[in-house]
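S.K.: Let me see the structure of the following:
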Amino acid sequence: MGNEQSVFLTPNATTPYIFASLDLAKTGPVVMEMPVGAIAGSALDAWQRALSDLGMTGPDQGKGGKYVFVGPGQEAPTAEGAFVDEATWPRQRSGFSRRSQSSTSAGK
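M.R.: Numbering: from 1, shown residues only. Next up, the predicted model:
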C-alpha cells in the first residue's frame, strides 16, 4: 500500500506492477515481449527520460509485440516486427515498468 513516502502516484493492492532495471553495457541489446491485453507501461533511462511507451500506450497498442532496447554503438538483433528503441544515455542504464489495466487482473 502507498503512503506519503511512496514513489507511486496511485498504487493499490489489487493491480500487478512489474519493474526491472537493465544495464545494456553489461547485457548488450535486450528483447522484451509484451503480451496482448490491457497492459500499459513505459521504458525510461536512468534520468527518467522517456525511451518508449509499452502496451496499450505504446506502438503495439495493446496487440502485443517485441521491443528491442539497444545501447549506443550496439547492433540490434533481428526480431521480425520488433519496435527498436536506441538508448542515447552514456551509461546505457534503463528501466521499465508495466501494470495491468484489466479489472479482472486481481485473480477474480
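S.K.: From now on I want contacts and neighbour counts done on CA atoms only, so please keep to that.
M.R.: Noted.
S.K.: then stretch 59-71 to PDB, C-alphas only?
M.R.: Extracted in PDB, the C-alpha atoms of stretch 59-71 (Å, rounded to 0.1, in the frame of the first residue of the first chain):
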ATOM      1  CA  PRO A  59       3.300   1.500 -30.600                       C
ATOM      2  CA  ASP A  60       1.800  -2.100 -30.300                       C
ATOM      3  CA  GLN A  61      -1.400  -0.500 -28.900                       C
ATOM      4  CA  GLY A  62      -2.200  -3.500 -26.700                       C
ATOM      5  CA  LYS A  63      -1.900  -6.000 -29.500                       C
ATOM      6  CA  GLY A  64       1.400  -7.400 -28.200                       C
ATOM      7  CA  GLY A  65       4.800  -7.000 -29.600                       C
ATOM      8  CA  LYS A  66       8.600  -7.300 -29.200                       C
ATOM      9  CA  TYR A  67      10.600  -4.300 -28.000                       C
ATOM     10  CA  VAL A  68      14.400  -4.300 -28.600                       C
ATOM     11  CA  PHE A  69      16.500  -2.000 -26.300                       C
ATOM     12  CA  VAL A  70      19.900  -1.200 -27.800                       C
ATOM     13  CA  GLY A  71      22.700   0.900 -26.300                       C
END
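S.K.: chain center to that stretch: distance?
M.R.: 9 Å (Cα atoms, centre = their mean, to the nearest Å).
S.K.: Now it: buried residues?
M.R.: 60, 61, 62, 64, 65, 66, 67, 68, 69, 70, 71 (16 or more other Cα atoms under 10 Å).
S.K.: Ranking helices and strands of the chain by mean pLDDT, which lands last?
M.R.: Ranking every helix and strand in the chain by mean pLDDT, DSSP states H and E puts strand 93-100 at the bottom, with a mean of 60.
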